[in-house]
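>>> Fold the following and give me the result.
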Amino acid sequence: MTGLIILGIVIAFVAAVVMIYNNLVTYRNRYKNAFSQIDVQLKRRHDLIPNLVETVKGYIKHERETLEAVIQARNAAVSATKQAAGNPGDPTAMKGLASAESMLSGALGRLFALSEAYPDLKANQNMAQLQEELASTENRIAFARQSFNDAVMSYNIAREKFPNNIIANTFNFQEAQLLESTESPEERKAPKVSF
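Predicted coordinates:
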């Protein structure tokens, strides 16, 4: 009789470990899937940029530095995206991706500000369409980033709860990193407009 009780306790313990392990795997796969949605949108953004540069190149012949900065920032962002896709949630990869995307956004912002000085470029239908597509893609990236961060948060909470934390540490479930903006608090403030 005592043997059956001990066997029952062991079976219950093993079942609990398996259930916790499977839940952690589920949460980890959810945040990896959420990152793949970011990856799709970033690829779309990165694919639009060469078209934008080609459209602008004909109008802004004397602004080569700006165009080169956009191309370099795009290439760095593509590389950072590939690295992050290899291990979503890795703190180094996520910080590198956020930094590269921030640099790309800054370079694009300078390009769009510069394009305001060229009326023919502003009136160009391709330029307007590319700007609209980029704006739409930025919105999609923001939604995908929020979904990823929500999935990472759920995973991290699940791995930190007791007794999950014991199983997570035993089976090497590492903490996942959120994809956060690298902007300084000053850059996050809304611009002041006065008339």
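>>> What is the burial count for residue 152?
25 (other CB atoms under 10 Å). Every C-beta, even on glycine, is put in place using the N, C-alpha and C of the backbone.
>>> so what's the residue in the chain sticking out farthest from the centre scoring on pLDDT?
Distance from the C-alpha centroid of the chain peaks at residue 1, with 56.4 Å (CA atoms, centre = their mean). As predicted, residue 1 sits at a pLDDT of 82.
>>> okay but residue 126 is in contact with residue 57, surely?
No: using CB atoms under 8 Å as the test, residue 126 is too far from residue 57 to be in contact (11.7 Å).
>>> any chance you could read off phi and psi for residue 55?
phi -70, psi -40 (degrees, to the nearest 10).
>>> Now do the same contact list for it.
121, 124, 126-127, 130 (CB atoms under 8 Å, 6 or more residues apart in numbering).
>>> Could you pick out the buried ones from those residues?
Buried members of these, counted by 16 or more other CB atoms under 10 Å: 121, 124, 127, 130.
>>> How about residue 70: what's its closest non-neighbour residue?
Leaving aside its sequence neighbours, residue 70 sits nearest to residue 107 (CB to CB, 6 or more residues apart in numbering; 4.5 Å).
>>> OK, contacts around that neighbour?
Residue 107 neighbours (CB under 8 Å, 6+ apart): 66, 69-70, 72-74.
>>> so after the host helix or strand of it, what's the next helix or strand?
For residue 107, the element it lies in under DSSP states H and E is helix 91-115. Next in sequence after helix 91-115, counting helices and strands by DSSP H and E, comes helix 119-123.
>>> Can you mark which positions in that following helix are buried?
Residues residue 121 are the ones in helix 119-123 that count as buried (16+ other CB under 10 Å).
>>> so residue 153 touches residue 178, yeah?
Yes: counting by CB under 8 Å, residue 178 is a contact partner of residue 153 at 7.3 Å.
>>> Among the contacts of residue 55, which one sits closest to residue 88?
residue 130 (28.4 Å; CB to CB).
>>> Grab the nearest non-local neighbour of the closest one.
The shortest distance from residue 130 to any non-neighbouring residue, by CB to CB, 6+ apart, is to residue 52 (4.7 Å).
>>> From the structure, what's the count of residues near residue 79?
13.
>>> Work out for me the element it sits within.
Judged by DSSP H and E, residue 79 forms part of helix 64-86.
>>> Repeat that for residue 132.
Assigning secondary structure by DSSP H and E places residue 132 in helix 125-160.
>>> for the record, mean pLDDT for that helix?
Averaged over helix 125-160, pLDDT sits at 92.
>>> got the buried residues for that helix?
Buried-residue list, helix 125-160, by 16+ other CB under 10 Å: 127, 130-131, 133-134, 137, 140-141, 144-145, 147-149, 151-152, 154-156, 158-159.
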